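K.L.:
Pasting a predicted model and its sequence here:
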Amino acid sequence: MEITVWSGWLGGLAIGLFVILHFWLIGKPAGCSTGYGNVCGYICKNMSYYHEGEYRDKNNPKLWFLIGIPIGGLLSALGSAEPWHWSFDMGMYDQVLPQSNAAKAIWLIFGGMLLGFGARLAGACTTGHALVGGAMMNPPSLLAGVVFFMSAFLMTQLLFNF
């Protein structure tokens, strides 16, 4: 079976158009960390950390955006010609991750928790800062985007070259 991969410029154009369309239709910038905060707020009802401002809104469009991400992935997998199955195959990251599936799952969950905490601390996720804030030329978002990419670059170098 032949796999079709989008060209990088076409994928970038599609993401840029989505950001504009999202803002035009909803009136708010794209991003899903607020939706993540809403989910955490529902789970951790007694933590004031998650109950500020937009995190109180139970009908927040970003919550639905967050829910749509795994649903879209599931629909894509179900529509694929290849049979869908669970896999912890992480490609090149298998070199640096634990080998058991349970240990990989723990690392991935821990990484997701750190991502959510960092997004809350930074005021937005990588999508919110780098794509939306960058498109709006927001100086803090531009700085955050540079920090995100430099951190990813440095971590990749540390993981695979030492």
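P.N.:
Received, thanks. Residues are numbered from 1 along each chain as shown.
K.L.:
Could you pull out the helices in the protein for me?
P.N.:
Remark: helices assigned in the chain by DSSP state H are 8-26, 33-43, 61-78, 101-122, 126, 134-135, 139-161.
K.L.:
and those helices, which one is worst for confidence?
P.N.:
Lowest mean pLDDT within the helices of the chain: helix 33-43, a mean of 68.
K.L.:
what about Ser7, distance to Ala135?
P.N.:
Per Cβ to Cβ, to the nearest Å, Ser7 is found 20 Å from Ala135. C-beta coordinates here come from the backbone N, C-alpha and C atoms, glycine included.
K.L.:
follow-up on the earlier one: any idea which of the helices of the chain gets closest to Asp89?
P.N.:
helix 101-122 (9.6 Å; Cβ to Cβ).
K.L.:
Next, the buried residues of that closest one.
P.N.:
Buried residues in helix 101-122, defined by neighbour count with 16 or more other Cβ atoms under 10 Å: Lys104, Gly116, Ala119, Arg120, Ala122.
K.L.:
what do you get for stretch 16-33?
P.N.:
Of the residues in stretch 16-33, Val19, His22, Pro29, Ala30, Gly31, Cys32, Ser33 count as buried by neighbour count, 16+ other Cβ under 10 Å.
K.L.:
need the contact list for the fifth one.
P.N.:
This points to Gly31. Lys62, Phe65, Ala124, Cys125, Thr127, Gly128, Val132 (Cβ atoms under 8 Å, 6 or more residues apart in numbering).
K.L.:
So for Ser7 and Ala135, which sits in the more crowded spot?
P.N.:
Ala135 (15 against 8; other Cβ atoms under 10 Å).
K.L.:
What is the burial count for Ile15?
P.N.:
Here the number of neighbours of Ile15 (other Cβ under 10 Å) works out to 13.
K.L.:
Before I go, just wanted to say thanks for your time.
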